[in-house]
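1. Structure, please.
(2 chains)
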Amino acid sequence: MTLAPAAHHTATTAVTSSPPRRDPLRLTEAELAELAAEFDAVRDEVFSRSGQSDAQYIRRVVALQRSLEMTGRACMLFSRHKPLWWAGVGCLSVGKILENMEIGHNVLHGQWDWMNDKEIHSTTWEWDFVAPSAGWQRTHNETHHTWTNVLGKDRDVGYNVLRMDPDQPWKPVNLLNPVINLGLAPAFEWGIAIYDIELDQFLAGKKSGRATFEDFKRVMKKLGRQSAKDFVVSPLLASLTGSGKASIKGFLAANVIRNVWAHTVIFCGHFPDGAETFTEEDVRDESRGHWYRRQAMGSANIDGSRLMHFMSGHLSFQIEHHLFPDMPSNHLARIAPRVREICRKYGIRYTSGPLPRQVFQAWRKVCRLALP
Amino acid sequence: MGHPGIKGFFRAAAGILSYPQDPRSFAQIFGALSSAHYTRGRITRVRRETPDTVTVFFTAGDGWIPHRAGQWARIGVEVDGKRIWRPYSISAPEHGDPSITVKAQGLVSEHIVERAAPGNVLYLERPEGQFLLPDTPTELLFMVAGSGITPVMSMLQTLMPRRPDHDVVLIYVSRNRESCIFHDEILELADQFPGLRPVFWFTEERGRLDASDADALAELCPDHADRVTYACGPDSFVSAVEDLAGSHGGTPVVERFDVTRQFSGGQRGEVRFTRSDMTLEVGPDETVLEAAERAQHQLPHGCRMGICHSCLVPLTDGAVTNIRTGELHREPGPVQTCVTRPAPHAVFDA
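-> All right, here's what the predicted structure looks like:
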């Protein structure tokens, strides 16, 4: 293991747990095996519990989400009345956020596959997001979660359009980093949809033209249906009460609110100070212990209220989520203290901070890395 | 709503607004039985038959087809949050609301006997099975043991009202009077229809009935060799009936109830991929995915350590063990091939 922390990482680090007692990068193979056993034990404890209350939990969230969405759509039919417009936008925004994050993201990770219920299963779920589930599962579950923060492998480090790590070579286009990110936030679902087509992989000759075209067609088809629902059919129905225009504005507002929130939460996952990146050399012949260490070192949590955690789909427990991607999200808060303790014991920095600070640090990185 | 065309039209129209979810997913919020993925049923009544047996009556939603007497259906119930499917014979007569009669043995059956209550949702697959009544009336002999009575009860209740003059003998082996499911109903049915002659055999009083012993059987039913025979119960009992019938050239119609099955893990196993028509031996240290790859059979995969769920392939038969948890998995449905081994046989739709 030749991995050594680069100087720029330590310069601006906000250490949020007690100072490391050992250097996590100098752990021996035996220590890493111990670490893996400790994390495995956390996982096994959760997975050996009765799933009765977990199943009730996710079904209640799904029922809440569907009720919000139906209420929001009903309000939009009469959205020329201001209070109903606001109620509609509120219900739809929260509904879409829950659908994408606490439900969609987590279902697509297979967190609920153990229920053996096709109605809530990673192989059948299609989420209310322009990016089709299948393409996202490939780029996110396979690429990002397996190669987390490995430069040149994890394409989520900057999504091909941003320079998010000093070790990524600077190009003049990176001057636009802040502008691109500002534009990406409100259009996040569109950005992800385009990203999942993997045009860069096609151009690099790593993805066949046919596969790229199939993905493109799938995105266009879903994009068409998503747009028809929110921006054509629903407004047409609303126009029967003279609410057509108001409802278009309402649906646009709800979609943008969801996009900005999703973008905000996701940028806090790996970009705040303290989240490390790795090289392909670092991960060669990685054992489970190495893998756990990399996941913990490469991720960052957000501190906040239960409501904030819920609305972020528990991605605010990014470290726990990356250690155990298929663990049902309602357990992450409970295991977090144990994970923090294990990290402390092995000297792994447990990066965590309140939302405004994490957002600030992510944006600061976007701006700073615009320059060479 | 009646007309399927109209229903389809409304569903398609609602689907524009509910996309990407099926409109039925939203209808469920209002308590509808409809579902995009399953046929669902709702329990209407639960009747206790014996201390450890209940009959569960249910109404079935879209997708169900009326059962024929003697058939069974795979029923899904939730145990500790997990959907588990088991086959159950349907005990209700044809042309009525279906019911299953369940004896508390095994995880799912115990759950049903202890917890089933009116209003609960059941998940259903369509009735199937070839344990069926003959098309033309003949003299019949039913040989049943224990809960093997369940499909036969459906048959008797269907057959006797239709042909009251039918000549039917029922030999029913159970431990004692108390554990004899449908004892009183059978007597009532025999009262009403003299063509039905039930013979109860309680092993506590009379010892085991050797169903392959022609003389023992002749005492209970002298013309047993001339009758069309139906047998239902545990494997050993059914085989005994088959042996006897075989000795005088008959082939009984049979249904076997096997409660226990043996699975071994950690040893060599075998997988079968139906779509590519390929059977492979899986070594003691190999996963399903590794075995497939060794044979140049490409399966989807991602992390190869059981986290990303990219390697899900539907298990259609048999069982697998999770090499990380040691957990046995035998529900048909998607499984992670990168961390499972056949236990010892598994069939995949791939």
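
2. shaky segments in chain B?
-> B:1-4, B:258-266, B:302-303, B:307-308 (pLDDT under 70).

3. In space, what's closest to A:G298 - neighbours in sequence excluded?
-> Sequence neighbours aside, A:N149 is the residue nearest to A:G298 in space, at 3.6 Å (criterion: C-beta to C-beta, 6 or more residues apart in numbering or on different chains). C-beta here means a position set from N, CA and C on the backbone, and glycine is covered the same way.

4. which residues sit in contact with the one you found?
-> A:V157, A:H270, A:A275, A:E276, A:T277, A:F278, A:R294, A:G298 (C-beta atoms under 8 Å, 6 or more residues apart in numbering or on different chains).

5. Closest one of the residues you listed to chain B?
-> A:R294 (12.8 Å; C-beta to the nearest C-beta).

6. Can you give me the buried ones in the one helix or strand that closest one maps to?
-> Using DSSP states H and E, A:R294 falls within helix A:288-298. Neighbour counts using 16 or more other C-beta atoms under 10 Å in any protein chain shown place A:G289, A:H290, A:W291, A:Y292, A:R293, A:R294, A:Q295, A:A296, A:M297, A:G298 of helix A:288-298 among the buried residues.

7. Is the fifth one in contact with A:I348, as I believe?
-> Yes - taking contacts as C-beta atoms under 8 Å, A:R293 lies within contact range of A:I348: 6.2 Å.

8. Can you check which residues contact both of those two?
-> With C-beta under 8 Å, 6+ apart as the test, A:R293 and A:I348 both reach A:P24.

9. circling back to that earlier point, let me have the buried residues of helix A:288-298 in TSV, adding pLDDT and distance to B:T337 as columns.
-> Formatted as TSV, those follow (pLDDT from 0 to 100; distance: C-beta to C-beta, whole Å):
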residue	pLDDT	distance to B:T337
A:G289	94	24
A:H290	94	24
A:W291	94	20
A:Y292	96	23
A:R293	96	27
A:R294	96	25
A:Q295	96	23
A:A296	97	27
A:M297	96	30
A:G298	96	27
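
10. how about the nearest residue to the residue in the stretch 201-350 of chain B positioned nearest to chain A, chain neighbours excluded?
-> Chain A sits closest to B:H309 of the stretch 201-350 of chain B, with a gap of 3.2 Å, by C-beta to the nearest C-beta. On the basis of C-beta to C-beta, 6+ apart, the spatially nearest residue to B:H309 that is not a chain neighbour turns out to be A:G110, at 3.2 Å.

11. Does the one you found touch A:S122 like I think?
-> Yes - A:G110 is within contact range of A:S122, at 4.1 Å (criterion: C-beta under 8 Å).

12. hey, what's in contact with both of those two?
-> Listed as contacting both A:G110 and A:S122 by C-beta under 8 Å, 6+ apart are B:H309, B:L312.

13. who in the stretch 1-150 of chain B is up against chain A?
-> B:16-17, B:19-21, B:25-26, B:29, B:35-38, B:78, B:80-84 (C-beta under 8 Å from any C-beta of the partner chain).

14. try 6 Å
-> Contact residues (C-beta under 6 Å from any C-beta of the partner chain) of the stretch 1-150 of chain B with chain A: B:I16, B:L17, B:Y19, B:P20, B:F26, B:I29, B:H37, B:D80, B:G81, B:K82, B:R83.

15. how about the first one, what does it touch?
-> B:I16 is in contact with A:V233, counting by C-beta atoms under 6 Å, 6 or more residues apart in numbering or on different chains.

16. quick one: buried residues of stretch A:44-58?
-> Those would be A:V46, A:F47, A:G51, A:D54, A:A55, A:Y57, A:I58, for stretch A:44-58 by 16+ other C-beta under 10 Å.

17. so the residue nearest the centre of chain A is in which element?
-> Taking C-alpha atoms, centre = their mean, the centroid of chain A lies closest to A:I266, which sits 4.5 Å from it. In this assignment (DSSP H and E), A:I266 forms part of helix A:244-270.
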